[in-house]
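J.: Sequence first, predicted coordinates after that:
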Amino acid sequence: MFYYIFYQKLIYFFSPFNVFHYITFRSIMASVTALVFSLWFANRFIPYLKRMQIKDSYKGYEPKNHKQKTGTPTIGGIIIWSGFFISSLLWARLDDVLVWIVLMGTLLFIVIGFSDDYLKIKRGKNNGLRARTKMLLQIAAAFLTVYLIYFAETKLTSCSGCLYIPFVKNGVINLKEYYMIFAAFVIVGSSNAVNLTDGLDGLATGPSLTTIMPLIIFAYVSGNIIFSNYLHIPHIKTAGEMTIILASLAGSLLAFLWYNCYPAEVFMGDTGSLALGALFGIIAVVIKEEFVLAIAGGLFVLETVSVIIQVISYKTTGERVFKMAPIHHHFELKGWPESKVIVRFWIISLIFALISLTALKLR
């Protein structure tokens, strides 16, 4: 909105408004806007959640020490998304179809996550959406989003159905229409990976921030034809606007982390985690960096793999590989204090994010 008002309309009266044209300026301002608004909103929304008795309950499959967290306000993801949407709409270019597709796709997953949280609160005993129903809704939302991205990008890039593989010379595979199946899998997988990781105070929030860092850089480079050609990264016109989207998310997450860090005053719930992972997947699909997302979000991948290994091992041999899955609970049961698990996992996520940046040049 500000791009349209200040750059396209008012620049004729005041030339310094030209600064609104630059993605770097708008990204910084988007992050600050989201941070300030989310902090202001959280300070009022968390007491409301307490008054309305919208609180988390012990799920039964977590370590017993988590019983003390019963009563902590939940669906705090609303704090994240309020600042995110307001900031994105203010600072991103609203004439860019990709911006609207990303926001719509994120909103679909927010609705799914909120529905799950609402039913858990209403019914109690962690009785939300059925697993099958939840998965089908995610798949439907992902396919709709991917379908729109695929056809929107036919006018924005040379190959909307191409899969780009980092670290491999000329690593391009044209999947054509079949790319949509792969892209939907990325979005659904990313959504559930972040959801599985969200089990300790701030554990999903911190790694989400480190995952944003490389995605911001790749999005900016993808939208710049000079940088993308030099680094052999797929060029997508207007993909630079994804930088503003991600910067808005970073600001909102920082604000949420202020209240979500150990000991947490609020949990994001599925309202936050499902859509958060989906947004990462959607952005990765838009900028054609699905494999980079897998590296940058390596911690989320490890958490998911730990669950898969645990399930397969138990069903085939009757033995558990880990004391409890996801793997962060394994370390809790080994005697690590929760705060130590959180900080060490943050460090691991930062390492993954730095490794992913090597894909900028190693192609």
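T.: It's in. Residues are numbered from 1 along each chain as shown.
J.: Going along the chain, name the helices of the stretch 251-363 of the chain.
T.: With DSSP state H, counting those that start in this stretch as the criterion, the stretch 251-363 of the chain has helices at 269-286, 290-296, 298-317, 327-333, 338-356.
J.: and the first one, what does it pack onto?
T.: It stands for helix 269-286. Helix 269-286 sits against helix 77-91, helix 97-123, helix 131-152, helix 179-197, helix 205-223, helix 241-260, helix 290-296, with contacts defined as 3 or more CB pairs under 8 Å, 6 or more residues apart in numbering; DSSP states H and E. (Each C-beta comes from the backbone N, C-alpha and C, glycine too.)
J.: Mean confidence (pLDDT) on the second one, please.
T.: Right, the one you point to is helix 97-123. Mean pLDDT, computed over helix 97-123, is 95.
J.: Tell me the buried residues in that helix?
T.: Residues of helix 97-123 classed as buried: 97-99, 101-103, 105-106, 108-110, 112-118, 120-121 (neighbour count, 16 or more other CB atoms under 10 Å).
J.: Which helix in this protein has the most residues?
T.: helix 23-51 (DSSP state H).
J.: how far off helix 77-91 does it point, in degrees?
T.: Counting by axes from the mean of the first three to the mean of the last three CA atoms, to 10 degrees, helix 23-51 lies at 150 degrees to helix 77-91.
J.: Please name every helix or strand in contact with helix 23-51.
T.: Using 3+ CB pairs under 8 Å, 6+ apart: helix 23-51 touches helix 77-91, helix 205-223, helix 241-260.
J.: so which of those helices gets nearest Pro326?
T.: Nearest to Pro326, of all the helices and strands packed on helix 23-51, is helix 205-223, at 12.5 Å by CB to CB.
J.: Next, the angle from that closest one to helix 77-91.
T.: 20 degrees.
J.: Next SSE downstream of helix 205-223?
T.: helix 225-231 (DSSP states H and E).
J.: how about that next one: buried residues?
T.: Result for helix 225-231 [16+ other CB under 10 Å]: buried residues 228, 231.
J.: going forward can the numbers begin at 38, since that is how I track them
T.: Fine by me, first position is 38 from now on; the one you just mentioned is helix 262-268.
J.: Give me the contacts around it.
T.: Outside of helix 262-268, the residues within contact range by CB atoms under 8 Å, 6 or more residues apart in numbering are 257-259, 270-272, 397-398, 400.
J.: need those residues in TSV with pLDDT, distance to Lys106 and neighbour count, can you?
T.: As requested, the contacts of helix 262-268 are exported to TSV (pLDDT from 0 to 100; distance: CB to CB, whole Å; neighbours: other CB atoms under 10 Å):
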residue	pLDDT	distance to Lys106	neighbour count
Tyr257	97	39	22
Val258	96	41	22
Ser259	95	40	26
Ile270	91	43	24
Pro271	92	44	20
His272	93	47	19
Leu397	89	40	17
Lys398	80	44	11
Arg400	67	45	15
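J.: Low-confidence bits of the chain, can you list those?
T.: Counting by pLDDT under 70, the chain has low-confidence residues at 95-98, 162, 400.
J.: so which of the contacts of helix 262-268 comes closest to Ala315?
T.: Of all the contacts of helix 262-268, Ala315 sits closest to Ser259, with 19.7 Å by CB to CB.
J.: Roughly how far does that closest one sit from Glu190?
T.: Distance, Ser259 to Glu190, by CB to CB, to the nearest Å: 11 Å.
J.: Quick check: neighbours shared by the two?
T.: Ile273.
J.: Identify the residue spatially nearest to the residue nearest the centre of the chain, adjacent ones excluded.
T.: For the chain, the residue nearest the mean C-alpha position is Leu313 (3.2 Å; CA atoms, centre = their mean). Counting by CB to CB, 6 or more residues apart in numbering, Leu313 lies nearest to Val231, which is 5.1 Å off, once chain neighbours are set aside.
J.: What distance do you get for Ile42 to Leu131?
T.: With CB to CB as the criterion, Ile42 and Leu131 are 11 Å apart.
J.: the more surrounded of those two?
T.: Between Ile42 and Leu131, counting by other CB atoms under 10 Å, Leu131 is the more crowded of the two (17 against 13).
J.: thought Lys171 was touching Ile149?
T.: Yes: taking CB atoms under 8 Å as the definition, Lys171 is a contact partner of Ile149 at 6.8 Å.
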